[in-house]
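Engineer: Need the 3D shape of this:
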Amino acid sequence: MEDQQLILSFGNTLKSVREERSLSQEKLALNVGLHPTYISLLERGKRQPSLTVIFKLAKELGYSASKFVELVERGVK
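Structural biologist: Presented below is the predicted three-dimensional model:
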């Protein structure tokens, strides 16, 4: 699996789940202690999250980190 595909899949998954939860980028960022611009960069595949960030985002979105990563893996083409 190519790195860029994985990064893009993470961003697409994050955006999709965030929108399903009716959360704005700003609200998600506030809830997990990140800057809204960073959430935008993640969703657009311009940044890679740390393991800590993956855990924080997954928890806030109602997933375990492993389940969230599984969703990301499904999106990799």
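Engineer: So for Glu2, what's the pLDDT?
Structural biologist: Looking at Glu2, its pLDDT is 88.
Engineer: no no, Lys77
Structural biologist: The confidence metric pLDDT takes the value 67 at Lys77.
Engineer: cool, and Leu23?
Structural biologist: 98.
Engineer: same thing with the one 3 residues further on?
Structural biologist: According to the model's per-residue confidence, Glu26 sits at a pLDDT of 98.
Engineer: How about the contacts made by it?
Structural biologist: By C-beta atoms under 8 Å, 6 or more residues apart in numbering, Glu26 lies in contact with Pro36. (Each C-beta comes from the backbone N, C-alpha and C, glycine too.)
Engineer: Low-confidence ranges, this structure, go.
Structural biologist: Along the chain, segments meeting pLDDT under 70 span 1, 77.
Engineer: ranges for the helices of it?
Structural biologist: Secondary structure of the chain (DSSP state H): helices at 3-20, 25-32, 36-43, 51-60, 65-75.
Engineer: Give me the neighbour count for Ser16.
Structural biologist: 13 (other C-beta atoms under 10 Å).
Engineer: That one and Phe68, how far apart?
Structural biologist: Per C-beta to C-beta, to the nearest Å, Ser16 is found 11 Å from Phe68.
Engineer: Same check on Leu51?
Structural biologist: From Leu51 to Phe68 the distance is 12 Å (C-beta to C-beta).
Engineer: if you count what's nearby, which of these two comes out ahead?
Structural biologist: Phe68 (21 against 8).
Engineer: check contacts around the nearest residue to the more buried one once chain neighbours are set aside.
Structural biologist: Nearest residue to Phe68, sequence neighbours excluded (C-beta to C-beta, 6 or more residues apart in numbering): Ala58, at 3.8 Å. Listed by C-beta under 8 Å, 6+ apart, the contact set of Ala58 reads Ser64, Ala65, Lys67, Phe68, Val69.
Engineer: Look up how far His35 lies from Ala58.
Structural biologist: Distance of Ala58 to His35, given as C-beta to C-beta: 18 Å.
Engineer: With Gln5 instead?
Structural biologist: Distance, Gln5 to His35, by C-beta to C-beta: 26 Å.
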